[in-house]
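Undergrad: Based on what follows, work out the 3D shape:
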Amino acid sequence: MRANDADRRRRADRVRTVRNLLAATAGVQHGERVEANTSTVWTYLLYVAQLGRRADAAGICGAARA
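TA: So this is what the prediction gives:
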């Protein structure tokens with residue numbers, strides 16, 4: 001396996017972890033609890049950033065409806 005493939009796989013795992021956290025299924029995949037694949041601090045930093053984006057999007061959508 002090349003280094004680029006391994007890096008790509010790690011990045012995909014981090015994104016999946018944050019998506020699961022946002023969906024309120026943080027450490028669960030396929031109905032089973034799994035270990036975190038990255039730093040807890042990094043995961044929560046990404047989570048907070050995504051929450052900010054969601055709040056901005058909701059504000060924009062809400063303003064468009066008014």
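
Undergrad: what bits of this protein have low per-residue confidence?
TA: For the chain, the stretches flagged by pLDDT under 70 are 1-3, 13-14, 17, 24-38, 54-66.

Undergrad: From Leu51, how far off is Ala6?
TA: Between Ala6 and Leu51 the distance is 29 Å, computed by C-beta to C-beta, to the nearest Å. In this view, the C-beta of every residue, glycine as well, is placed from N, C-alpha and C.

Undergrad: now do Leu21
TA: Distance from Leu21 to Leu51, counting by C-beta to C-beta: 10 Å.

Undergrad: more neighbours, those two?
TA: The residue with more neighbours, out of Leu21 and Leu51, is Leu21; 18 against 12, by other C-beta atoms under 10 Å.

Undergrad: That one is in contact with Ala49, isn't it?
TA: No: here Leu21 does not reach Ala49: they are 11.7 Å apart, not a contact under C-beta atoms under 8 Å.

Undergrad: Tell me if I am right that Gly52 is in a helix.
TA: Yes: the assignment for Gly52 (DSSP: H, G, I helix; E, B strand; the rest coil) places it in a helix.

Undergrad: State the number of residues packed around it.
TA: By other C-beta under 10 Å, the residues close to Gly52 number 10.

Undergrad: Same check on Val18?
TA: Neighbours around Val18, by other C-beta under 10 Å: 19.

Undergrad: ditto for Arg16
TA: 12.

Undergrad: Who are the packing partners of the helix or strand it falls within?
TA: For Arg16, the host element (DSSP states H and E) is helix 3-22. Secondary structure elements in contact with helix 3-22, counted by 3 or more C-beta pairs under 8 Å, 6 or more residues apart in numbering; DSSP states H and E, are strand 28-29, helix 40-65.
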